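**Student:** Predicted model and sequence below, questions to follow.
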Amino acid sequence: MFSKFLLGSLHVDDNVREILGRTPLDLIARHAVCDFGCTPPRTWKLNEMALTSGDEIISEYPVDPTNKKLGTIRVTTEAGWGNTHVVFVKRQPNTRKKKDDSAF
């Protein structure tokens, strides 16, 4: 398994270690070999383009794959690939309003 891009300096937030109970070296390794986790298709495509342009690369992995409500761990390598940050992203509640069919 070889990294497809440089990670630069690694910065892991303390709350990530607390939430996972470990340092997420496995997630950083997945990020480095272009397994971008549960990122949307658009982000995945932008990541693939960034491999040739040196732009920002973003991966996201669920804290607990069996409970997506717990949030995700985001691994971001900055443009220029000098730094990689690992942070916790709290899941946002679904605030989308339901369509009111009675208004017709």
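**Tutor:** Perfect, I can see it now. Residues are numbered from 1 along each chain as shown.
**Student:** Which residues outside the longest helix belonging to the chain are in contact with it?
**Tutor:** For the chain, the longest helix by residue count, based on DSSP state H, is helix 41-53. By C-beta atoms under 8 Å, 6 or more residues apart in numbering, the surrounding residues in contact with helix 41-53 are K4, F5, C34, F36, T39, D55, E56, I57, I58, S59, A79. Glycine gets a C-beta too; all of them are placed from N, C-alpha and C.
**Student:** just those now: which is nearest R17?
**Tutor:** S59 (17.7 Å; C-beta to C-beta).
**Student:** Read off the pLDDT value for that closest one.
**Tutor:** Looking at S59, its pLDDT is 98.
**Student:** Then F2?
**Tutor:** So F2 comes in at 80 (pLDDT).
**Student:** ok, now E18?
**Tutor:** 96.
**Student:** residue closest to the middle of this protein?
**Tutor:** When C-alpha atoms, centre = their mean is applied to the chain, the residue found nearest the centroid is E60 (2.2 Å).
**Student:** That one looks like it's in a helix, true?
**Tutor:** No - assignment of E60 by DSSP: H, G, I helix; E, B strand; the rest coil gives strand, placing it outside any helix.
**Student:** What's opposite the residue nearest to it when sequence neighbours are not counted in the beta bridge?
**Tutor:** Among residues not flanking E60 along the chain, T72 sits closest, at 4.5 Å (C-beta to C-beta, 6 or more residues apart in numbering). When assigned by DSSP bridges, T72 has beta-bridge partners P62, V89.
**Student:** Over to the one 5 residues further on?
**Tutor:** Taking DSSP bridges, one obtains I57, T84 as the residues bridged to T77.
**Student:** I figured it hits E56, correct?
**Tutor:** Yes - between T77 and E56 there is a contact at 6.7 Å, judged by C-beta atoms under 8 Å.
**Student:** Give me the more crowded residue out of those two.
**Tutor:** T77 (26 against 15; other C-beta atoms under 10 Å).
**Student:** Give me the distance between that one and S53.
**Tutor:** In this view, T77 and S53 are 13 Å apart by C-beta to C-beta, to the nearest Å.
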